[in-house]
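*Asks:* Please work out how this folds:
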Amino acid sequence: MAFYRQVGEVPPKRHTQFRTPDGGLYYEELMGEEGFSSDSSLLYHAGVPSAIVDSQVWELPDLATVPNHPLTPRHLKLHDLFTETSKSNPVEDRRLVLGNGDVRISYVVAEQPSPYYRNGIGDECVYVEKGSATVETVFGVLHAVQGDYVIIPRATTHRWLPGAEGVSAYCIEGNSHIAPPKRYLSRYGQFLEHSPYCERDLHPTTEPLVEEGTDVEVLVKHRGNGAGGIVGTRMTYATHPFDVVGWDGCLYPYTFNVSDFEPITGRVHQPPPVHQVFEGYNFVVCNFVPRKVDYHPLSVPVPYYHSNVDSDEVMFYCGGDYEARKGSGIGLGSISLHPGGYAHGPQPSAIEASLGAERFEELAVMVDTFRPLELGEGGRAVDDGVYAWTWAGRRKI
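*Replies:* This is a model prediction of the structure:
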């Protein structure tokens, strides 16, 4: 998404001398995707951005997963994962719910500031379910509120500062970059007219965050031989990583609020791709927002039954009342997992109940993956154990 920005001070010409008020040189850092072949930004540091004075092991939380076998649709009740939040922070206390080799979905409820943190595996897309947070980054400050997606590019040093009421966050971590769908963008990266949102709806940083300090510890998640091929390191930097006086380019963190997504509707039921908001490698992110529904006189507003031939579907229910799941125990804070190879759709009672509806007041974040998802420790801890049998109304004994 080539949406150029300049924040703070930068020299007139890139890769040229840029001096501090006392005559020293600022240190230029190129942060770029796909080597030197895709979007990038240039950041200007007061200190050397690669100067570390210590490196120690960071023991990550449990990232092990187990297969969803035998194949079973599942209902996971995320609000049961955290009963004590006063000591939790939004980075170290995430609990892994679902994951595969392309993406990991975690959940956290936190009140404490996180350490400085950098994800070297891939981009993060963090949905703020409740509360608020200030997200300090090497690019500047983001202010995240309920309903915001916070998009943080790979290798962006940042930390989370929860607001007065804490923050509940649904964390989607890719092994790739996460960006708006290509079909919404021109070949040069501008949002097209049919896109359900545009550049005006994105809220990046607006001014530098310049801090001083020495021996600053940063938690780094990176490739290795741990669970899921991921390990952690505590790197201590000689000078503060938030020493950037200016930057420019097309790669940076931003927020996007789900209320700014303009739903696409039709006379008959529209398929899930019309709800897509972001994409990564081998997965997509969609959101189902309050909207007018199908207006054909014989329309059936809830989804038709469908087989996920190529994907697993994960729906996180975070607002309103999701019509298709009435009668299944699904509520706010629930996840439904419908795996590939299994035909799924609305609860039978919900079909007749939806006829004649003109509007749905529902809010859900969906992730579809193109490799099977496995269950993390958080997902196993809050599986209700009965969701799979709700369409039949009984289980074979």
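
*Asks:* how close does the closest residue to His275 other than its chain neighbours get to Ser86?
*Replies:* Leaving aside its chain neighbours, His275 sits nearest to Cys286 (4.0 Å; criterion: Cβ to Cβ, 6 or more residues apart in numbering). Placement of C-beta: from N, CA and C, glycine included. In this view, Cys286 and Ser86 are 34 Å apart by Cβ to Cβ, to the nearest Å.

*Asks:* These two: which is more packed in?
*Replies:* Neighbour count, other Cβ atoms under 10 Å: between Cys286 and Ser86, Cys286 has more, with 22 against 8.

*Asks:* Secondary structure class of the more buried one, three-state.
*Replies:* Secondary structure for Cys286, judged by DSSP: H, G, I helix; E, B strand; the rest coil, is strand.

*Asks:* Equivalent analysis for Asp248, please.
*Replies:* Three-state assignment for Asp248 (three-state DSSP): strand.

*Asks:* nearest spatial neighbour of it, skipping sequence neighbours?
*Replies:* Closest to Asp248 by Cβ to Cβ, 6+ apart is Gln6, at 4.0 Å.

*Asks:* element containing the one you found?
*Replies:* strand 5-8 (DSSP states H and E).

*Asks:* In terms of secondary structure, what does that strand contact?
*Replies:* For strand 5-8, the packing partners by 3 or more Cβ pairs under 8 Å, 6 or more residues apart in numbering; DSSP states H and E come out as strand 244-249.

*Asks:* ok, which stretches of the chain are helices?
*Replies:* With DSSP state H as the criterion, the chain has helices at 348-354, 377-381.

*Asks:* For the first one, list every residue counted as buried.
*Replies:* So that's helix 348-354. Residues of helix 348-354 classed as buried by neighbour count (16 or more other Cβ atoms under 10 Å): Ala350, Ile351, Ala353, Ser354.

*Asks:* what do you get for the shortest one?
*Replies:* Of all the residues in helix 377-381, those buried under the rule 16+ other Cβ under 10 Å are Glu377, Gly378, Gly379.

*Asks:* now Asp102: how far from His158?
*Replies:* In terms of Cβ to Cβ, Asp102 sits 22 Å off from His158.

*Asks:* same question, Leu98
*Replies:* Applying Cβ to Cβ to Leu98 and His158 gives a distance of 24 Å.

*Asks:* go on, His269?
*Replies:* In terms of Cβ to Cβ, His269 sits 40 Å off from His158.

*Asks:* repeat for Gly249
*Replies:* Gly249 is 17 Å from His158, by Cβ to Cβ.

*Asks:* Kindly report the same for Asp312.
*Replies:* Look at Asp312 and His158: by Cβ to Cβ, they are 29 Å apart.

*Asks:* quick one: pLDDT of Val277?
*Replies:* pLDDT, Val277: 98.

*Asks:* give me every residue that touches it.
*Replies:* Applying Cβ atoms under 8 Å, 6 or more residues apart in numbering, we find Val277 in contact with Tyr149, Pro180, Pro181, Pro196, Tyr197, Phe256, Val258, Phe261, Val285, Cys286, Asn287.

*Asks:* Go through those residues and say which is closest to Ala64.
*Replies:* Val285 (24.2 Å; Cβ to Cβ).
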